[in-house]
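> need a structure here:
(chains A and B)
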Protein chains: 2
Amino acid sequence: MTPQYHVLGIGNAIVDVLSHAEDAFIKENGLDKGIMKLIEADEATALYDKMGPGVEISGGSAANTIVGVASLGGRGAFIGKVCDDQLGEVFRHDIRAAGVAFDSTPVKGQPPTARCLILVTPDAQRTMNTFLGACVELGPEDVDPELVANAEITYLEGYLWDRPKAKEAFVKAAGLAHDAGRRVSLTLSDPFCVDRHRDSFRELIDGHIDILFANEAEILSLYQVDSLDQALDAVRGECGLAVVTRSGKGSIVLEGTQVFEVPAEPIAKVEDTTGAGDLYAAGFLHGVAEGKHPAECARRGAIAAAEVISHFGARPEVSLADLVGQKLAAE
Amino acid sequence: MTPQYHVLGIGNAIVDVLSHAEDAFIKENGLDKGIMKLIEADEATALYDKMGPGVEISGGSAANTIVGVASLGGRGAFIGKVCDDQLGEVFRHDIRAAGVAFDSTPVKGQPPTARCLILVTPDAQRTMNTFLGACVELGPEDVDPELVANAEITYLEGYLWDRPKAKEAFVKAAGLAHDAGRRVSLTLSDPFCVDRHRDSFRELIDGHIDILFANEAEILSLYQVDSLDQALDAVRGECGLAVVTRSGKGSIVLEGTQVFEVPAEPIAKVEDTTGAGDLYAAGFLHGVAEGKHPAECARRGAIAAAEVISHFGARPEVSLADLVGQKLAAE
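I've put the predicted structure just below:
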């Protein structure tokens, strides 16, 4: 039977607050450019007070990916935890309006819906400061076995590893997916996230992950090696497909002993790199679910990523199905 | 004594929810393209459920204008009513982060902060659906006499006329401003708003407004005439300065018997017309407060309006002071 969903994402349900900032602001506030940092409620309030005017756009890494899958014409579902507050309503509306099935029960009253304060510097890099709020309440009880069994691929964001209950949800979902003969995919999310959870990530990847996404910094951190070649040697054979994204240098896909290198999609101007990895994963996973060759999956990922970095925010602004259709037809 | 503020705005404190929509959506939902419609809470929920994914950006007509004044390097203050909820926090943060003084007391718990569901069609026109929420609580008690006396110009949005208490606040502010020897400015806001309040607007304009802003549809509706020339004849002499904005055709300023016509600022692509009139008023009023010639005020308005229609949302994305400085230096 054809599964009901191409991809089910499990991740943090976050509303992004995007604001332009100068490099001096990043420095003055002791932030690390390009990195996701977890912050508590009081830190979030203090940073928000100092930030410039913002724009609110639904975000969350795996959520962005699933919205991308839907925009590509795929069938997507998402599991994540919001509060029954205004930002929770915004998150729920946006993901459903994008065509994604989303039925996770919100928490009542407290903690509030998660937000990520994102500072976009003139070089288009984003520095993310996440107050997890309601996301910390996500647990194994939120993972619906039927939903997992009905998805070709269950996709998990590494950020979930930051909270014990979310990690349990993660492990439960991976087990259920494999029991149903489905595939499990993981993104390492962030080099600091890898640093926080290196051993348990390596344990998980060794045999439990079918499709792994990492960027260069993440894969180097995972295996504590100095060169990309060493990292590729280390990951080879650990997962069915291992994908290393390299920003402007394109991506590398390993499948068994085979290696595919695919260039990045050129664009006129990078506005905001928020969501680049998330949308790459969307293009890639939708391709896998459609049975495409790994090199074509990577090409689809590159096109989807290029669209999202050409504007503010981490969700596509045009139909990715149309965009990918046009690009591939022209090749 | 130099007044502390160039412009004090009094208006609805609204968070905009912007979404792309096809013309068919506007038609199917019985909306009038380009018009602001007031909706109740249940209508807002029903429309929101049907809309595509959104982006939240602080808005409100006079609030946008005052943020524009601040971006131009002016000193601005704003009076408007939010709730102490998440969207109210967003509104307060954004306007203060833009450099505007904003100290209106929020309402507690209910009604929620106002939102405007804005549908942007492929022709860049915006169709606005406003749930006024907490704005209906704005009343004369929110008008601080000291603040009004300390502003060179008090600027009022016509939309306030839709609620009796807000209208009282409006009339009180106009009286206080004149008592302090300051100027009062009004924008007619929308042709349907004029239609709802024609007689009382005409009564007010006849002698109580120093600087009037209207677009063609609004001024024709105000005087119930068929041609722009008839409308200009009708308004001549009623206000110190009367400004008619004409979108791509530029603007016309009447000062006594003098007429100044100023072209629109050309731009590569109109993305979203939301805020065009608001930012025109910002450029014009800041010029007036700085003692500039009416034609230069109109030119400043045209430059500010061009910036805001070149992107999504009704607040400037770059420093208007820099932009206007560059443009005027090149002339």
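
> Would you tell me whether stretch A:320-331 gets close to chain B?
No. Using C-beta under 8 Å from any C-beta of the partner chain, stretch A:320-331 never reaches chain B; the gap is at least 13.3 Å. Bear in mind the C-beta positions are built from the backbone N, C-alpha and C, glycine included.

> typed the wrong thing, it's stretch A:272-289
No. Legend: contact between stretch A:272-289 and chain B by C-beta under 8 Å from any C-beta is lacking; minimum distance shown is 12.0 Å.

> What's the mean pLDDT across that stretch?
The average of the pLDDT scores along stretch A:272-289 is 97.

> Centre of the chain to it, how far?
Distance of stretch A:272-289 from its chain centroid, counting by C-alpha atoms, centre = their mean, to the nearest Å, is 8 Å.

> and what of stretch A:225-239?
21 Å.

> Of all the residues in that stretch, which ones are buried?
A:231-232, A:234-235, A:238-239 (16 or more other C-beta atoms under 10 Å in any protein chain shown).

> Ok, stretch A:13-30 next?
Buried, per 16+ other C-beta under 10 Å, within stretch A:13-30: A:13-21, A:25-26.

> Same list (those residues) but as JSON lines, adding distance to chain B and secondary structure.
Formatted as JSON lines, the buried residues of stretch A:13-30 follow (distance: C-beta to the nearest C-beta, whole Å; DSSP: H, G, I helix; E, B strand; the rest coil):
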{"residue": "A:Ala13", "distance to chain B": "14", "secondary structure": "coil"}
{"residue": "A:Ile14", "distance to chain B": "14", "secondary structure": "strand"}
{"residue": "A:Val15", "distance to chain B": "8", "secondary structure": "strand"}
{"residue": "A:Asp16", "distance to chain B": "10", "secondary structure": "strand"}
{"residue": "A:Val17", "distance to chain B": "8", "secondary structure": "strand"}
{"residue": "A:Leu18", "distance to chain B": "9", "secondary structure": "strand"}
{"residue": "A:Ser19", "distance to chain B": "8", "secondary structure": "strand"}
{"residue": "A:His20", "distance to chain B": "8", "secondary structure": "strand"}
{"residue": "A:Ala21", "distance to chain B": "11", "secondary structure": "coil"}
{"residue": "A:Phe25", "distance to chain B": "12", "secondary structure": "helix"}
{"residue": "A:Ile26", "distance to chain B": "16", "secondary structure": "helix"}
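
> For chain A, just list every one of the strands.
With strands called from DSSP state E, chain A shows them at A:5-10, A:14-20, A:36-38, A:55-58, A:76-79, A:101-102, A:114-120, A:126-131, A:151-157, A:183-187, A:211-215, A:241-245, A:251-255, A:258-262.

> on that earlier part again, nearest to chain B among the buried residues of stretch A:225-239?
Checking the buried residues of stretch A:225-239 against chain B with C-beta to the nearest C-beta, the nearest one is A:Cys239 at 32.0 Å.

> show me what contacts the closest one?
A:205, A:209-212 (C-beta atoms under 8 Å, 6 or more residues apart in numbering or on different chains).

> With distance to B:Ser189 and neighbour count added, can I get the residues you listed in JSON lines?
Shown next, in JSON lines, are the contacts of A:Cys239 (distance: C-beta to C-beta, whole Å; neighbours: other C-beta atoms under 10 Å in any protein chain shown):
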{"residue": "A:Ile205", "distance to B:Ser189": "59", "neighbour count": "18"}
{"residue": "A:Ile209", "distance to B:Ser189": "57", "neighbour count": "21"}
{"residue": "A:Asp210", "distance to B:Ser189": "57", "neighbour count": "19"}
{"residue": "A:Ile211", "distance to B:Ser189": "54", "neighbour count": "24"}
{"residue": "A:Leu212", "distance to B:Ser189": "55", "neighbour count": "25"}
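
> Now flag whichever of the residues you listed is closest to chain B.
Looking across the contacts of A:Cys239 and measuring by C-beta to the nearest C-beta, the closest to chain B is A:Ile211, at 26.3 Å.

> and the spatially closest residue to A:Asp84 that is not a sequence neighbour, how many neighbours?
In space, and not counting its chain neighbours, A:Asp84 is closest to A:Pro106: 4.4 Å by C-beta to C-beta, 6 or more residues apart in numbering or on different chains. A:Pro106 is flanked by 18 other residues according to other C-beta atoms under 10 Å in any protein chain shown.

> right, and A:Pro106 touches A:Ala134 too?
Yes. Counting by C-beta atoms under 8 Å, A:Ala134 is a contact partner of A:Pro106 at 7.2 Å.

> Can you give me the separation between the closest residue to A:Cys297 other than its chain neighbours and chain B?
Excluding its sequence neighbours, the residue lying closest to A:Cys297 (C-beta to C-beta, 6+ apart) is A:Gly287, at 3.3 Å. A:Gly287 is 23 Å from chain B, where distance means C-beta to the nearest C-beta, to the nearest Å.

> In contact with A:Gly287, which residues are there?
Counted by C-beta under 8 Å, 6+ apart, A:Gly287 has contacts A:296-297, A:300-301.
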